[in-house]
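*Asks:* Mind folding the following:
(4 chains)
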There are 4 protein chains.
Amino acid sequence: MAAKPIKVLLTGFEPFEQETLNPSWDAVRELDGWKVGRATVHARLVPCVFGDAIDALMRAMDELQPQLVLCIGQAGGRAEFTPERIAINIDDARTADNKGREPIDVPVVPGAPAAYFSTLPIKAMVRELRAAGIPASVSNSAGTFVCNHIFYGLMHRIATHPVPGLRGGFIHIPYLPQQAARFPGAPSMSLETLVKALRVAVTTALAVEHDIAETGGRLH
Amino acid sequence: MAAKPIKVLLTGFEPFEQETLNPSWDAVRELDGWKVGRATVHARLVPCVFGDAIDALMRAMDELQPQLVLCIGQAGGRAEFTPERIAINIDDARTADNKGREPIDVPVVPGAPAAYFSTLPIKAMVRELRAAGIPASVSNSAGTFVCNHIFYGLMHRIATHPVPGLRGGFIHIPYLPQQAARFPGAPSMSLETLVKALRVAVTTALAVEHDIAETGGRLH
Amino acid sequence: MAAKPIKVLLTGFEPFEQETLNPSWDAVRELDGWKVGRATVHARLVPCVFGDAIDALMRAMDELQPQLVLCIGQAGGRAEFTPERIAINIDDARTADNKGREPIDVPVVPGAPAAYFSTLPIKAMVRELRAAGIPASVSNSAGTFVCNHIFYGLMHRIATHPVPGLRGGFIHIPYLPQQAARFPGAPSMSLETLVKALRVAVTTALAVEHDIAETGGRLH
Amino acid sequence: MAAKPIKVLLTGFEPFEQETLNPSWDAVRELDGWKVGRATVHARLVPCVFGDAIDALMRAMDELQPQLVLCIGQAGGRAEFTPERIAINIDDARTADNKGREPIDVPVVPGAPAAYFSTLPIKAMVRELRAAGIPASVSNSAGTFVCNHIFYGLMHRIATHPVPGLRGGFIHIPYLPQQAARFPGAPSMSLETLVKALRVAVTTALAVEHDIAETGGRLH
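*Replies:* Next up, the predicted model:
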């Protein structure tokens, strides 16, 4: 009897602020339909808007019933592919989102826990990414904007509507070179490298159920 | 009838690694015995050791029964005085502590919540610090070493052994100039500025019960 | 009558320190034989050794009699493709070169001028690179190691053995991703982007005789 | 017979852009009249204006006939006290100076050498500064704005109007804390530390005629 097929949901954001593209969506959509073992990747675009981003994610999860969810977002200024360790229950915008919403110090979900840890094998992912020649590190803060927001929304759903085997998390990625070309000094990562990194991340997440113990910590 | 006296507990760490001093203790001990309004500051030294740091904090809290607790720690490489927003339930050492302990991805307190938010008015503190001419910012990650460890231990005690009016949190501070002199490129803050900053932090924490809504967030 | 063919000399360095590759040579050799208009690119490998690097460059210039010379070197830690503005007459090694030489504060060429400006159109190059979507900036210091050394050697020869139309300069480039994967936090640039950037740099240097006036300066 | 008295000229800049102070002048004026051995310090304020800055320096040198000249300027974003190695013959403004002048790629002195090295013992100064507990490093680029401009003007005068024993150079210094408080993330140095650093710099420059050989170089 054939093993049950697995659905992998990857989300990317629409462009933010003055940008005309978002590397998270440019990279994610390249993997739409990609089959790896008995898993198939489904790519979905989500709005860069507090509230709406989680709504779009919830609809995609309802529709697809995935076993693995990776939300991807842009971290302009970072040089590496960075799986996030923890989502925190706070919205604290430094600037308006794409609908002009600018929440300050309000919870993502009132009354819910202060934080959730990613259930992706983030250490194993970083090890495999580096072994594949891709700059990567664990990040201990996803910030307090829409990226952390959707990450928290994802982990809260997984925690409160448990589905056997369902795991999820968030990965921040650098600017594309063509974006960084407008911000002197900013690091970047090419689309080819980003797509390759996503393949390694998905493959590792599917293969590794229990994360390895390998330091990815920071002193502060 | 006179208002009840208030005890403020400030902790600083012993030197870490090859250092012969720790700016957190050098600054904190300057305030030992300082009276501000009806409050008096009590300074305590804590070891830079997983487990032992929390034990020392617990003993000091048992002894003093403070209404306000600020744990202070060194963040070599940071340029500012940074109140931390959140303590997370993970120990992930990048290097050994002062007893050679090097935990990787184990909880600070097994079975306890993933995180606790600081109950200090961190936004008000940053506003007052800047107004006083001191570089300061909210930090969204206290790392995963002994600093986050004691911060989590503090907030877990406050949450699980509630005392009316008791609040607490953690502040990371830069190197002293004499430390940075051995790490080319590293930023620093003078002891005078650090002590002044601690006075502003304590005064603001005592005066402001409910934090202000002012952005201190980060995109990522 | 056909226009005279033009020879373009590109040099890249051998690997340095523990590295097994040097992005400067990996990128430069991809362009060996490339024809653009009536120009042909000749790629040459040079040793990462004080003295020997200039000797190798002199031999290649004697042999090829190029009209355009671009020396390329790795700048680990930089995020951008950075044409250098000026070569200075000093060797001040922070570490040993590949033959263990470690000169401190000695001139590249005793008695020669303190510095030479690049004769490449560095501002036009940066403008064209950015327009092509490649992160680029003018750099005002090539350091004091073998990169600045060969750059100074090149400019000194051009100044002291003038050849009509001969121009030259130096460009620093970031790590490749597979290098940065071993230095957490370090920015990188893919080989494809580096090769594309070199094509833009060569094409611009051939097309633009007098540089444009566009700020590329720094406050400090 | 008593040894001849020595005059030391220190210059600091007026505030630049939106600033209401300039740490270079705040620190320099503290040393006005300071006697060290048979030397006396004379502090002079110079305008942050291309051309005018050099004019003011020339007038002060004509008036005082100093044996030692240290020009000091602000380098917002730097964390250390940084003696500059070399002045380059270019003005390339990224922004307008205090009179709205914004030269791009024009020489400081037409027809003059591409660069001059500082004649201060910059390596000895950095060693003594660090020994005194002050973060310090040699800098290989003073930028291309008014700081490099006055530095070049100074060294050009020393080279073209030689006075036996006359030496000079430039030092960049960080923001004061009260400035950095308005630029989140920016490093700073207290006025006390800056003044102490200036004393060490002047004392070392007076005591050390020939610089020590100690690496202060950079790879790039």
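*Asks:* okay, CA-based contacts and neighbour counts for the rest of this
*Replies:* Noted.
*Asks:* Determine whether any part of the helix or strand residue A:157 falls within lies close to chain B.
*Replies:* Residue A:157 is part of helix A:146-160 when elements are defined by DSSP states H and E. Yes. Using C-alpha under 8 Å from any C-alpha of the partner chain, helix A:146-160 comes into contact with chain B via A:146-148.
*Asks:* so how far is that helix from its chain's centroid?
*Replies:* Taking C-alpha atoms, centre = their mean, to the nearest Å, the mean C-alpha location of helix A:146-160 is offset from the chain mean by 10 Å.
*Asks:* what packs against the following helix or strand past it?
*Replies:* Per DSSP H and E, the first helix or strand lying C-terminal to helix A:146-160 is strand A:167-173. On a contact count with 3 or more C-alpha pairs under 8 Å, 6 or more residues apart in numbering or on different chains; DSSP states H and E, strand A:167-173 meets strand A:68-74, strand A:82-83, helix A:146-160.
*Asks:* between these, which gets nearest to residue D:29?
*Replies:* strand A:68-74 (47.3 Å; C-alpha to C-alpha).
*Asks:* the inter-axis angle of the closest one versus strand A:167-173?
*Replies:* 20 degrees (axes from the mean of the first three to the mean of the last three C-alpha atoms, to 10 degrees).
*Asks:* Helices of chain A, residue ranges please.
*Replies:* A:23-28, A:52-64, A:122-131, A:146-160, A:177-180, A:191-207 (DSSP state H).
*Asks:* any idea which of the ones you listed is most buried?
*Replies:* With neighbours taken as mean count of other C-alpha atoms under 10 Å in any protein chain shown, these reach their highest mean count in helix A:23-28, at a mean of 25.
*Asks:* hmm, who's touching it?
*Replies:* With contacts defined as C-alpha atoms under 8 Å, 6 or more residues apart in numbering or on different chains, helix A:23-28 is touched by A:10-14, A:43-45, A:72-74, A:173-176, A:191, A:194-195, A:198.
*Asks:* Then stretch A:195-211?
*Replies:* By C-alpha under 8 Å, 6+ apart, stretch A:195-211 touches A:27-28, A:30-31, A:36, A:68, A:81, A:120-125, A:128-129, A:134.
*Asks:* out of the residues you listed, what pair is the most spread apart?
*Replies:* Spatially, the most separated pair among the contacts of stretch A:195-211 is A:30 and A:123, at 24.5 Å (C-alpha to C-alpha).
*Asks:* and chain A, which of its residues are near chain C?
*Replies:* So far as C-alpha under 8 Å from any C-alpha goes, chain A lies against chain C at A:78-80, A:130-137, A:177-190, A:193.
*Asks:* about what we covered before: hey, C-alpha coordinates of the helix holding residue A:157 in PDB?
*Replies:* Extracted as PDB, the C-alpha positions of helix A:146-160 are listed here (Å, rounded to 0.1, in the frame of the first residue of the first chain):
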ATOM      1  CA  VAL A 146       4.100  41.100  10.200                       C
ATOM      2  CA  CYS A 147       6.700  38.300   9.900                       C
ATOM      3  CA  ASN A 148       6.600  37.500  13.600                       C
ATOM      4  CA  HIS A 149       2.900  38.100  13.500                       C
ATOM      5  CA  ILE A 150       2.200  35.400  10.900                       C
ATOM      6  CA  PHE A 151       4.800  33.100  12.600                       C
ATOM      7  CA  TYR A 152       2.900  33.500  15.900                       C
ATOM      8  CA  GLY A 153      -0.400  32.900  14.200                       C
ATOM      9  CA  LEU A 154       0.900  29.700  12.600                       C
ATOM     10  CA  MET A 155       2.300  28.300  15.800                       C
ATOM     11  CA  HIS A 156      -0.800  29.300  17.800                       C
ATOM     12  CA  ARG A 157      -3.000  27.300  15.400                       C
ATOM     13  CA  ILE A 158      -0.700  24.300  15.500                       C
ATOM     14  CA  ALA A 159      -0.800  24.400  19.300                       C
ATOM     15  CA  THR A 160      -4.600  25.000  19.600                       C
END
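*Asks:* pLDDT on that helix, on average?
*Replies:* In this model, helix A:146-160 has a mean pLDDT of 98.
*Asks:* tell me what it is packed against?
*Replies:* helix A:52-64, strand A:68-74, strand A:86-88, strand A:91-92, strand A:115-117, strand A:167-173.
*Asks:* change it to 7 Å
*Replies:* Packing partners of helix A:146-160 (3 or more C-alpha pairs under 7 Å, 6 or more residues apart in numbering or on different chains; DSSP states H and E): helix A:52-64, strand A:86-88, strand A:167-173.
*Asks:* residue ranges with poor pLDDT in chain A?
*Replies:* Applying pLDDT under 70 to chain A picks out residues A:1-2.
*Asks:* Quick check: residues of it near chain B?
*Replies:* With the criterion set to C-alpha under 7 Å from any C-alpha of the partner chain, chain A comes near chain B through A:75, A:92-94, A:104-105, A:114-117, A:140-145, A:213-220.
*Asks:* Any of these buried? List them.
*Replies:* Of the members of those, the ones counted as buried by neighbours, 16 or more other C-alpha atoms under 10 Å in any protein chain shown, are A:75, A:92-94, A:104-105, A:114-117, A:140-145, A:214-220.
*Asks:* quick revisit: of the helices and strands packed on strand A:167-173, which is nearest residue D:160?
*Replies:* strand A:68-74 (54.6 Å).
*Asks:* sorry, back to before: now do the helix holding residue A:157 and strand A:167-173, the angle between them.
*Replies:* Here the directions of helix A:146-160 and strand A:167-173 differ by 170 degrees (the same axes, to 10 degrees).
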